[in-house]
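**Student:** Fold the stuff below for me.
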Amino acid sequence: MLFNSTLYLCFLAVVVGLYYLLTPSWRRGLILLASYTFYWVWSIPFSGLLLASTLIDYAAARGIGASRSVAGRRGWLLVSMVFNLGTLALFKYVDFFSDSAYSLLGFRPWPHLDLVLPLGISFYTFQTMSYTIDVYRGEIKPYRSAIDVALYVSFFPQLVAGPIVRAGELLPQLAMEEKPVNWMVFRRGLGLILWGLAKKVYVADSLGPVANIAYGTPEAFGGFDLLMATYAFAIQIYCDFSAYSDIAIGSALLLGITLPENFDAPYLSCSIREFWRRWHISLSTWLRDYLYIPLGGSRLGTSRTYVNLMFTMLLGGLWHGAGWNWVVWGGLHGTVLSVERMINLRDRPANRWTAAVRWLITLHIVMLSWVFFRADGISGAMAVLQRIVTFASGPMSVGITPLVVLMALVIVERLHVRRRWLEFFEHHPVAARCIVYAAIIILVLTFSGAASPEFIYFQF
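**Tutor:** Alright, predicted model coming up:
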């Protein structure tokens, strides 16, 4: 079920309405049923995989809690890790490794399976693993009720594309105790949903075709057009993914549940390290806490720190997609992060002109990395870069619209327009109600023509 569809908005309205009509003892069942219904719209059979992941990690966490030996606790943790990572590898990476072996060695170690990637598998496997790891570390206690764990894993606003939420943050909120409706929070949720829909439908989807056409046939476009198409994709992926996060957070707020922010104006960053503190925050903190720090972080010497950084970012790139272009994307970020650490680069320079230069450099390092993220493989990325760097000639068909929109986006974020919009929604109930009514009319008139088939991060 797509957030940018009338079906989802009707579904959400029904769920929220029933939620506040029911007593707390029935609300958990409603949200669990709604979450699986949300997934069933895409695939009923693959919801069995979601259920299996839930039950395995529920049992593993209970086993860890009951074990009195280190070996027993590690054994149960291994069960969780093998199942989740094995499932992810089977559906997402088995063909990638087979194809890579064929390219290098001339034969396939196993047949090409061509499996359909289950929706949201990269997100919910990381989320379920974080639950068992946190239990193993003693940071939370294992939950006795399988319903509680099922709610945590399948909570529909963030099931498919995050934010990736820790059990200690979400599970206590899913107790759903009787409490009055906080109308300020409710209005904030509506404001976030409208903000996200506007970004998705009217910004991301309008610029998406520019990047799709140019990157589909880069040889037909000049260097300038490909640069503008790269700016278009940068806007598309940010407005698309942050829109999903806004709608997810807003939908949860309508139920009185707070999800963590996933973006914080990443294109204002003055370093790649700052960029990763602002971009896909739930993933970057997951990689830090469950991969980088357990590997040793920065505690084992300079050389090991760089190795840990690079390994974390390479796996972060591979998490996004089964292709060498995503590995290069992660490696590029890992390399720049290592260089910044090597020269002890501060996130925020005091001098405004230095900050402006740093911002411009960081922005275009990110743009360079997006070329590998968007292109169809390494050869496609190199073709785009070669035409941009050599100022290859071609018809000026794209124009400067993507650059103008990118600068407008930077200004909007610099002026904190999103925060001001939400504050307005919170503190002006009558005006907020009028805006919602007007937005409904506008969306009804324009939605079918503007809506895109899916969000970009659905493929991950």
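**Student:** low pLDDT regions in the stretch 301-450 of the chain?
**Tutor:** 444-450 (pLDDT under 70).
**Student:** ranges for the helices of it?
**Tutor:** Counting by DSSP state H, counting those that start in this stretch, one finds helices in the stretch 301-450 of the chain at the ranges 302-320, 324-342, 352-374, 377-389, 401-414, 417-427, 429-450.
**Student:** Show me what the longest one is packed up against.
**Tutor:** Under the contact criterion of 3 or more C-beta pairs under 8 Å, 6 or more residues apart in numbering; DSSP states H and E, helix 352-374 touches helix 223-254, helix 272-278, helix 324-342, helix 377-389. C-beta coordinates here come from the backbone N, C-alpha and C atoms, glycine included.
**Student:** Relative to residue 185, how far out is the closest residue to residue 158 other than its chain neighbours?
**Tutor:** Closest residue to residue 158 apart from its sequence neighbours, by C-beta to C-beta, 6 or more residues apart in numbering: residue 248 at 4.7 Å. Distance of residue 248 to residue 185, computed by C-beta to C-beta, to the nearest Å: 15 Å.
**Student:** Between these two, which has more neighbouring residues?
**Tutor:** Set side by side, residue 248 and residue 185 show more neighbours around residue 248, with 26 against 14, by other C-beta atoms under 10 Å.
**Student:** Verify the stated contact: residue 125 with residue 89.
**Tutor:** No - assessed by C-beta atoms under 8 Å, residue 125 is found out of contact with residue 89, at 10.1 Å.
**Student:** which one of the two has more residues nearby?
**Tutor:** residue 125 (26 against 13).
**Student:** so what's the more buried one up against?
**Tutor:** 53, 84-85, 87-88 (C-beta atoms under 8 Å, 6 or more residues apart in numbering).
**Student:** Strands - which of those land there?
**Tutor:** Per DSSP state E, strands hold no members of the contacts of residue 125.
**Student:** Max pairwise distance over the residues you listed: which two?
**Tutor:** 53 and 85 (11.2 Å; C-beta to C-beta).
**Student:** Report the spatially nearest residue to residue 365, omitting neighbours in sequence.
**Tutor:** Residue 365 sits nearest to residue 336 (C-beta to C-beta, 6+ apart), 5.9 Å away.
**Student:** hmm, I was thinking of residue 124
**Tutor:** residue 153 (5.8 Å).
**Student:** same question, residue 409
**Tutor:** residue 235 (6.2 Å).
**Student:** so how far is residue 229 from residue 367?
**Tutor:** Counting by C-beta to C-beta, the gap from residue 367 to residue 229 is 11 Å.
**Student:** Between these two, which is the more surrounded one?
**Tutor:** residue 229 (28 against 17).
**Student:** sorry, back to before: quick one: contacts of the helix or strand containing the residue nearest to residue 124?
**Tutor:** Assigned by DSSP states H and E, residue 153 belongs to helix 146-154. Residues from elsewhere that reach helix 146-154, judged by C-beta under 8 Å, 6+ apart: 28-29, 31-32, 35-36, 39, 50-51, 53-55, 57-58, 61, 124, 127-128, 131, 143, 165, 167, 170-171, 174.
**Student:** change it to 7 Å
**Tutor:** With contact meaning C-beta atoms under 7 Å, 6 or more residues apart in numbering, helix 146-154 is reached by 28, 31-32, 35-36, 50, 53-55, 57-58, 124, 127-128, 131, 143, 167, 170-171, 174.
**Student:** Could you double-check that the residue nearest to residue 409 lies in contact with residue 208?
**Tutor:** No - at 9.2 Å, residue 235 does not count as touching residue 208 under the criterion of C-beta atoms under 7 Å.
**Student:** rewinding a little: of all the helices and strands packed on helix 352-374, which one comes closest to residue 103?
**Tutor:** So among the helices and strands packed on helix 352-374, helix 324-342 is nearest, using C-beta to C-beta, at 9.5 Å.
**Student:** Need the residues that contact that closest one.
**Tutor:** Outside helix 324-342, the residues that touch it by C-beta under 7 Å, 6+ apart are 271-273, 305-306, 309-310, 313-314, 316-318, 320, 365, 369, 372-373, 375, 377-378, 381.
**Student:** Repeat the analysis, applying 6 Å as the threshold.
**Tutor:** 271-273, 306, 309-310, 313-314, 316-318, 320, 365, 369, 372-373, 375, 377-378, 381 (C-beta atoms under 6 Å, 6 or more residues apart in numbering).
**Student:** Check which residues of that helix are buried.
**Tutor:** 324-338, 340 (16 or more other C-beta atoms under 10 Å).
**Student:** Cheers, nothing more for now.
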